[in-house]
Structure formats: structure tokens, C-alpha cells
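Novice: below: sequence and its predicted model.
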Amino acid sequence: MSHIEKLFSFEGKVIVITGAAGAIGSAAGHLFASLGANVIISDLNEEGAKKVAAEIAKESGKETLGIKTDATDESHLQTLVNETISKFGKISGLINNVGWGESTPLWGSDSDKMVRSYMLNTVSAYNLTRLCMPYLEKEQNASVVFSGSMVGVTPSPEFIEYSTAKAGLMNLVRSMAVVSGPKVRFNTVLIGSVDNGESTLKAGYTKEMLEALSNMFVMKRRGNPIEIAYGMMFLMSDAAEWITGIDLRIDGGGSFKSKMPVEH
């Protein structure tokens, strides 16, 4: 095995991934298993979690666990940790990928909706990370990656619940990084618009909106789930062992519109 291959090998690692029945989480699961890791596929969708886990096990030959988890229920998170330790004996890394946000205009929310979004997108990541920390601290180059969103760093009044929760998540990650270094590293992947199939449409986007988004991006297309997984993999790899507390933007270069007058 070459030096570069060793940097990106996850042989002997145990990686927990939440929201892993979805497009980005499942892509990450397949990727990490292909690099040698045992992955735990956690999702509220039990059938989807077990299906993805079985596919990964068949494809990679690595033992895999699929488990139903309500990320907003602390008892579910504790069960996830307990079952992981029972099966594999350790936790080497965690991807807090679970999250959801639908289109909600700035003045169209209320206390209950705002709190529920915060619980799902921010507090759940805090609770699971807290439960994993005693095991992560025992591992070499332990790493936690969080799925952030570009709406958390730009004005996004159309997604006020989700964008506010994701903004809070970013500062939470930075605080974790400061307190936990050098034992455990914490980083955020700031995700642009990704082709998640039906999930994106359910969040309130129309096909016309998605086409307009694609045209705005420097790369002139939306991202693919595996491209986000590649970023997660880099941040968790030995190649990134001096990187903590950052926000890695994977957004096709962001949007650009010239401010110069256009000739007609």
C-alpha cells in the first residue's frame, strides 16, 4: 500500500453515519466501506437503513449495521451507541448527517416549528456526539463531521427554521473543536444544492427553482451525493489530521451573477 493509499485507508475504523438511508448518507456509507471501514447506517427509516446496510455489506464484504434511530430521541441515540459498541467494540468516527428543512417564509413560522427544527438539525447532533465522545477519545485521529448547509451562512428567509438551525450548528461545531483538540477533530461540510431526487422536491423546491439554481452555480450544475461524501472522507482521513474547526464548502463554486451591465 502506497503512502497516499494509507492516508485514505479506513481499515479497522468504525464509522457511525446518521440520516444514512438518504442520498448523501448512503453514498458516504458505500464510500467508507469501500475504503475498509465498518459502517453503521442509522436512519429513522428502518427499512431503508437495513436495505442500505445490506447493500454495503454485499458490495464491500465488510460487516455493517443498519439501525432505526429517531435522532430527536435521546434514548434512541443511546441505543445506537450501545449497539455499535456491542457489535464492533469502538467508535472511530461520526458523521452527523441527519437534517431536514422545508420551505418556510420568514414570518410563517412559530415557536413550536422553530424549536422542532433546532432539535432535529442541531440538538440531535450535539446529543449523539456527546454520547460518542468517551469512545472517540480512545481512538487515533478520531473525527466528527457535520452536514451543514449554505443556507446557514447566507440570508435565507425562505427557509427560516432550517437556516437558523444550521447556523447554530456551525458555531456548535467550532466550540466542540476548541474544547476537544487535539484528541478529537470536528469539521463541517457546507453543502450547496445537491441532487437528492424526490427529497429536494419535498422540501419545497420546484423543478423551475432547481434549474435556476443550476444556472447560477459557477459549475453550472447541482452537486451529486458522492461529491459531498468525498469531502467528508477527506476531513476524516489521516490526510486531514491537522484540520479542525473548519467549514469546507462544497457548493459548485457558489453562485455568481455579474454586476456589470449587459449589452443587448
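Specialist: Ah, there it is. Numbering: from 1, shown residues only.
Novice: in the protein, which spans are helices?
Specialist: Along the chain, the segments classed as helices by DSSP state H run 3-7, 23-34, 46-60, 74-88, 111-118, 124-136, 160-180, 198-202, 207-216, 225-236.
Novice: of the ones you listed, which approaches Pro105 most closely?
Specialist: Closest approach to Pro105 among these (Cβ to Cβ): helix 160-180, 7.0 Å. Using the backbone N, CA and C atoms, a C-beta is placed for each residue, glycine as well.
Novice: so the closest one versus helix 124-136, what angle?
Specialist: 20 degrees (axes from the mean of the first three to the mean of the last three Cα atoms, to 10 degrees).
Novice: picking that back up, dump the helices of the chain to JSON lines, plus mean pLDDT and distance to Gly99.
Specialist: Formatted as JSON lines, the helices of the chain follow (pLDDT from 0 to 100; distance: least, Cβ to Cβ, whole Å):
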{"stretch": "helix 3-7", "mean pLDDT": "95", "distance to Gly99": "29"}
{"stretch": "helix 23-34", "mean pLDDT": "97", "distance to Gly99": "10"}
{"stretch": "helix 46-60", "mean pLDDT": "98", "distance to Gly99": "16"}
{"stretch": "helix 74-88", "mean pLDDT": "98", "distance to Gly99": "15"}
{"stretch": "helix 111-118", "mean pLDDT": "95", "distance to Gly99": "9"}
{"stretch": "helix 124-136", "mean pLDDT": "98", "distance to Gly99": "8"}
{"stretch": "helix 160-180", "mean pLDDT": "96", "distance to Gly99": "7"}
{"stretch": "helix 198-202", "mean pLDDT": "64", "distance to Gly99": "11"}
{"stretch": "helix 207-216", "mean pLDDT": "81", "distance to Gly99": "19"}
{"stretch": "helix 225-236", "mean pLDDT": "98", "distance to Gly99": "12"}
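Novice: out of the ones you listed, which comes closest to Thr104?
Specialist: Closest among those, using Cβ to Cβ: helix 160-180, at 5.1 Å.
Novice: in the closest one, what's buried?
Specialist: Neighbour counts over helix 160-180 (16 or more other Cβ atoms under 10 Å) mark 160-170, 172-174, 176-177, 180 as buried.
Novice: what's the most buried one of the helices of the chain?
Specialist: Across these, averaging neighbours per residue (mean count of other Cβ atoms under 10 Å) puts helix 23-34 on top, at a mean of 24.
Novice: Thr104: neighbour count?
Specialist: Thr104 has 20 neighbours, counted by other Cβ atoms under 10 Å.
Novice: repeat that for Trp242.
Specialist: Trp242: 7 surrounding residues under other Cβ under 10 Å.
Novice: do Trp100 as well
Specialist: By other Cβ under 10 Å, 18 other residues sit near Trp100.
Novice: wait, what's in contact with the closest residue to it other than its chain neighbours?
Specialist: Spatial nearest neighbour of Trp100, chain neighbours left out: Leu120 (6.1 Å); criterion: Cβ to Cβ, 6 or more residues apart in numbering. By Cβ atoms under 8 Å, 6 or more residues apart in numbering, Leu120 lies in contact with Ala71, Thr72, Val98, Gly99, Trp100, Ala165.
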